[in-house]
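**Q** need the 3D shape of this:
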Amino acid sequence: MRSILLIGTGGTIASEVTDSGLAPELTTEQLLAQLPAISDICRVDCLQLLNLDSTNMTPAHWLEIAGCIRDHYSRYDGFVITHGTDTMAYTAAALSYLVQGSPKPIVLTGAQKPIGFDSTDSKVNLMDAFRCAAADLPGVSIVFNGKVILGTRARKTRSKSFQAFSSINHPELAVLRDGVLLRYIRQDCGPAPVFYDRLDPKVALLKLVPGAGREAADFLLERNDALIIEGFGVGGLPEAGGFYDCVRHWMEAGKLVVLTTQVPSEGSDLGVYHVGYRLKNDLGVLEAYDMTTEAVVAKLMWILGQTRDRAEAERLFYTPVARDILWLGT
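**A** Down below sits the predicted model:
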């Protein structure tokens, strides 16, 4: 029987009702006590690492989770991490860069309703997560509402209903039906994981609105090492408002600028329209293509934690990690 480490970080799954709303208070041992049937699937040890509403999750916490996995990696066959849903996709992406090529499963799960509620998705999600952690399902994934989603491709697309997560621009890895794992795709992995322990949190995100000027971009680039700009459609920047000169100035100062799209599916393609063509061909901005914004944020933090060389940063950005970027245009 496989040995799994349950790592608790808080979230709705571990929350109880307080005078000021739901707050994470339950321990991993208390969660596990709700699942007596787990002994038929695997042997579980519990570790309470954090107890946070995931809105309070930071890159420093991502490093802490990755370090916990590294410290216990040789002793277990797989890992289940309970996590709040609001930033789970960011954490899954970050762990995909901090723990690369893991042959052992690293599964994140959580719930939209606390485990103590009568109408809760907690128990099903947690049981499914253990089933996946005890299976041949390498790498980082999110298991939620019967879906197994690649860690670099997940996004929370519903705020309240149980079908909270979607796989963006990539098929689901597997589904679970009545406790049975039906796998479609097996992640690539190495003989052993490669762990990283550095992130640069100075990565900012700007969502364009019609009529915006360069002021917000200047503000963010002055204070950060990289800026991701979510444009419209297949991507580009307004020709009015000074954006082109803004991007040129800060890139010459050594900052990284990435263009992506606000559209959830199908990705960017800066070469299609004039508003994007010059940015890519004259300035050399990075383009996210089919990556999720969550993955772009985490990947830039990881890249800037490893190097400040522009050419090396660009090479790493366009090098696929855990299938985070598969389409690189024409």
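**Q** from here on, just use CA atoms for contacts and neighbour counts.
**A** Fine.
**Q** and the strands in the stretch 101-250 of the chain?
**A** 105-109, 139-144, 147-150, 154-156, 165-167, 174-177, 180-183, 194-195, 203-207, 226-231 (DSSP state E, counting those that start in this stretch).
**Q** would you turn those strands into TSV with distance to Ala311, mean pLDDT and mean neighbour count?
**A** Below are the strands of the stretch 101-250 of the chain laid out as TSV (distance: least, C-alpha to C-alpha, whole Å; pLDDT from 0 to 100; neighbours: other C-alpha atoms under 10 Å):
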stretch	distance to Ala311	mean pLDDT	mean neighbour count
strand 105-109	31	98	28
strand 139-144	28	98	30
strand 147-150	28	98	29
strand 154-156	28	98	24
strand 165-167	30	98	23
strand 174-177	36	97	18
strand 180-183	38	95	14
strand 194-195	22	98	16
strand 203-207	18	98	17
strand 226-231	15	98	24
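**Q** just checking, what packs against the host helix or strand of Thr260?
**A** Assigned by DSSP states H and E, Thr260 belongs to strand 256-261. For strand 256-261, the packing partners by 3 or more C-alpha pairs under 8 Å, 6 or more residues apart in numbering; DSSP states H and E come out as strand 226-231, helix 243-252, strand 286-287.
**Q** any residues touching the shortest one, and which ones?
**A** When you say that, I think you mean strand 286-287. 256-260, 268-270, 280, 314 (C-alpha atoms under 8 Å, 6 or more residues apart in numbering).
**Q** so how far is that strand off the chain centroid?
**A** How far strand 286-287 lies from its chain's middle: 19 Å, per C-alpha atoms, centre = their mean, to the nearest Å.
**Q** need the outlier residue of the protein, farthest from its centre.
**A** Relative to the centre of the chain, the most outlying C-alpha is that of Ala240, 33.6 Å out, by C-alpha atoms, centre = their mean.
**Q** separation between that one and Glu222?
**A** Noted for Ala240: a distance of 21 Å to Glu222, by C-alpha to C-alpha, to the nearest Å.
**Q** for Phe130, same thing?
**A** Separation of Phe130 from Glu222 (C-alpha to C-alpha): 45 Å.
**Q** higher neighbour count, the two?
**A** Per other C-alpha atoms under 10 Å, whichever of Phe130 and Glu222 has more neighbours is Phe130, with 27 against 14.
**Q** how far out from the middle of the chain is the strand ranked longest in the chain?
**A** Assignment by DSSP state E gives strand 43-52 as the longest strand of the chain. The chain centre lies 20 Å from the centre of strand 43-52; the measure is C-alpha atoms, centre = their mean.
**Q** alright, calling it a day.
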